[in-house]
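>>> Here is my input, please return the structure:
(one chain, ligands or ions: 1)
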Amino acid sequence: MTGLAPDGGLLIPESIPNISDQLDYWATLSYQDVTFEVLRLYVDLPDDDLRTLINDSYAAFSHEEIAPAMPVGDIEILELFHGPTLAFKDIALQFLGNFFEYTLEHRDQYLNILAATSGDTGSAAIHGVRGKDRINIFVMHPKGRVAPLQERQMTTVLDDNVFNLAVDGTFDDCQRIMKTLFCDLPFKAQYGLGAVNSVNWARVLTQIVYYFTAGLYVMKQRQVSNIRFAVPTGNFGDILAGYYAARMGLPISKLVLATNENDILSRFFRTGEYSLGEVVPTISPSMDIQVASNFERYLYYQVDESPEVLRDLIEQFGETGRLQIPLPSDGVVDPLFAAGVGNTEQTLATIRRYYQDYGYLLDPHTAVGIAVGEPFHKKDEPLVALATAHPAKFSQAILDATGEDLAYHEYLEALRDAPTRSDEVANEVDAVRAYIENHVKPV
Ligand SMILES: *Cc1c(COP(=O)(O)O)cnc(C)c1O
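Purely as a prediction, here's the structure:
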């Protein structure tokens with residue numbers, strides 16, 4: 001249930017199990033059953049309890065396959081947006097809410113979750129834990145910088161255990177406040193503070209599942225033995241799960257990392273240099289991030305699993321805003337990865353083209369992934385593009401791209417007139433600390 005480890009680092013599994021000899025069997029299983037197979041490798045729970053948690057968590061999804069893959073044009077689109085907030089983060093956070101409540105009941109404990117969001121994480125986290133008896137959730141969002149509908153998806157949740165904090169700053173400010181509070185160990189211990197942000201290991205774990213279900217399904221359908229994924233990314237969470245799936249034995253021949261103009265990650269995979277840039281607002285706001293909180297996990301494997309080397313690099317990055325890894329002689333950072341930027345113009349053009357040619361509406365994050373990923377599609381190594389949000393969440397981008405107001409979802413329509421609740425908080429660690437002290441659940 002911990003986000004950051006006590007020393008401020010990230011938790012990783014002691015070892016990565018290889019299941020390549022199980023792939024034929026996994027290809028026959030349902031989404032829930034593959035989830036069970038993946039989680040039991042890492043999670044120490046009685047089988048029946050784990051199955052119940054999984055079944056309860058995915059019951060809230062509106063598609064029976066949970067995450068269906070659809071052939072569109074040459075590629076496959078993996079729809080990850082059939083959960084209650086219409087974005088891929090539900091896949092992890094619906095499970096997490098149930099898993100945390102289960103664990104807290106067994107330990108007779110309570111938990112106060114602190115989260116920072118640029119959009120989707122917050123609403124998905126809130127919907128994952130709303131109404132849970134043993135959990136409070138405090139979600140910081142950058143005031144006025146979240147798409148209005150995304151904001152309403154958070155602030156219309158009126159359950160007693162849900163607190164929305166509108167912080168007068170950027171998403172990176174929110175994340176900095178969160179990290180500072182988590183490093184204040186006495187405070188963290190006193191209030192039983194936990195995280196559900198994308199650094200949470202259990203989130204990465206549940207996201208490994210759909211690489212297997214989609215990868216195995218498409219390989220079987222197309223009778224090929226390799227698969228590629230295009231992943232729009234900001235915090236390096238989603239694509240990290242793909243990296244673990246590859247390490248576990250899924251034959252992924254390419255992970256195509258796609259950023260918007262906030263390109264710290266795509267620059268890294270092309271040059272080996274990881275250096276801060278300015279955060280610029282784009283039409284794919286959930287990826288407007290210049291410090292990728294999960295990247296450190298990947299970097300650990302890149303430096304031959306040396307905690308000392310990693311610590312030095314991260315310290316250097318903290319001091320100078322820049323780090324550089326030594327490159328092999330061929331200059332390729334990692335042959336598993338390809339990387340690129342889908343800028344606003346390309347993103348809009350991709351949305352327009354997919355609508356005109358195939359009658360399929362892409363949300364702007366998904367379109368960034370496809371704009372960068374499409375050239376990597378091969379007949380014998382087909383591309384699966386991760387669709388991370390329903391287009392109705394970003395209807396302005398659809399209007400800008402197609403000239404028509406096409407994106408619609410009844411769930412979002414219902415939010416327009418719903419009552420909301422949130423509190424404004426100054427962009428200061430102490431202001432957030434005081435707010436939490438005034439509203440916590442006794443631990
Ligand atoms: C969070 C999010 C992303 C980026 O995912 P990361 O795990 O942070 O890389 C992409 N698209 C949407 C719609 C998101 O909500």
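
>>> show me what contacts residue 317?
For residue 317, the residues meeting the contact criterion (C-beta atoms under 8 Å, 6 or more residues apart in numbering) are 274, 323. The way it works is simple: take the backbone N, C-alpha and C, and place the C-beta from them, glycine included.

>>> make it 6 Å
Residue 317 makes contact with residue 323, according to C-beta atoms under 6 Å, 6 or more residues apart in numbering.

>>> Quick check: it is in a strand.
No: Residue 317: not assigned to a strand; according to DSSP: H, G, I helix; E, B strand; the rest coil it is helix.

>>> in the stretch 1-150 of the chain, which segments are predicted with low confidence?
Along the stretch 1-150 of the chain, the parts satisfying pLDDT under 70 run over 120.

>>> Could you pull out the strands in it for me?
Using DSSP state E, counting those that start in this stretch, the strands found in the stretch 1-150 of the chain span residues 69-72, 75-79, 111-116, 135-142.

>>> How about the third one and the ligand, touching?
No: residues of strand 111-116 contacting the ligand under C-beta under 6 Å from any ligand atom: none, with a closest distance of 12.1 Å.

>>> interface residues of the stretch 101-250 of the chain facing the ligand?
Looking at the ligand, the residues of the stretch 101-250 of the chain close enough under C-beta under 6 Å from any ligand atom are 120, 198, 232-238.

>>> cool, the stretch 251-400 of the chain as well?
By C-beta under 6 Å from any ligand atom, the residues of the stretch 251-400 of the chain that approach the ligand are 286-287, 365, 388-389.

>>> if you set the cut-off to 8 Å instead, what comes out?
284, 286-287, 289, 292, 294, 363, 365-366, 388-389, 393 (C-beta under 8 Å from any ligand atom).

>>> Take those and write them to CSV, including distance to residue 356, secondary structure and pLDDT.
As requested, those are exported to CSV (distance: C-beta to C-beta, whole Å; DSSP: H, G, I helix; E, B strand; the rest coil; pLDDT from 0 to 100):
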residue, distance to residue 356, secondary structure, pLDDT
284, 20, coil, 93
286, 25, helix, 86
287, 25, helix, 91
289, 31, coil, 84
292, 33, coil, 86
294, 35, coil, 93
363, 17, coil, 97
365, 20, helix, 97
366, 16, helix, 98
388, 22, coil, 97
389, 21, strand, 96
393, 21, helix, 91
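
>>> got a winner among the residues you listed for most neighbours?
With neighbours set by other C-beta atoms under 10 Å, the maximum within these is found at residue 366, which has 33 neighbours.

>>> Tell me who's in contact with it.
Residues in contact with residue 366 (C-beta under 6 Å, 6+ apart) are 387-388.

>>> how close does it sit to residue 117?
Relative to residue 117, residue 366 is positioned 19 Å away (criterion: C-beta to C-beta, to the nearest Å).

>>> re the thing from before, of all the strands of the stretch 1-150 of the chain, which one is nearest residue 41?
The closest approach between residue 41 and any of the strands of the stretch 1-150 of the chain, judged by C-beta to C-beta, belongs to strand 75-79 at 22.0 Å.

>>> Ramachandran angles for the closest residue to residue 166 other than its chain neighbours?
In space, residue 166 comes closest to residue 143 once its chain neighbours are excluded; the distance is 4.0 Å by C-beta to C-beta, 6 or more residues apart in numbering. Residue 143 has phi and psi values of phi -60, psi 130 when expressed as degrees, to the nearest 10.

>>> count of residues packed around residue 276?
Neighbour number of residue 276 under other C-beta under 10 Å is 13.

>>> so it makes contact with residue 321?
Yes: when contacts are counted by C-beta atoms under 6 Å, residue 276 is listed as touching residue 321 (3.9 Å).

>>> if I look at these two, which residues touch both of them?
Overlap between the contact sets of residue 276 and residue 321, as judged by C-beta under 6 Å, 6+ apart, is nil.

>>> tell me the two of the residues of the stretch 101-250 of the chain next to the ligand that are most distant?
Taking every pair in these and measuring C-beta to C-beta, the maximum separation is 15.2 Å, between 120 and 236.

>>> which other residues reach the helix ranked longest in the chain?
Secondary structure assigned by DSSP state H gives helix 201-222 as the longest helix of the chain. Here helix 201-222 makes contact (C-beta under 6 Å, 6+ apart) with 11, 26-27, 31, 34-35, 38, 42, 67, 69, 76, 78, 92, 95-96, 227, 238, 240-242, 244-245, 250, 382, 384.
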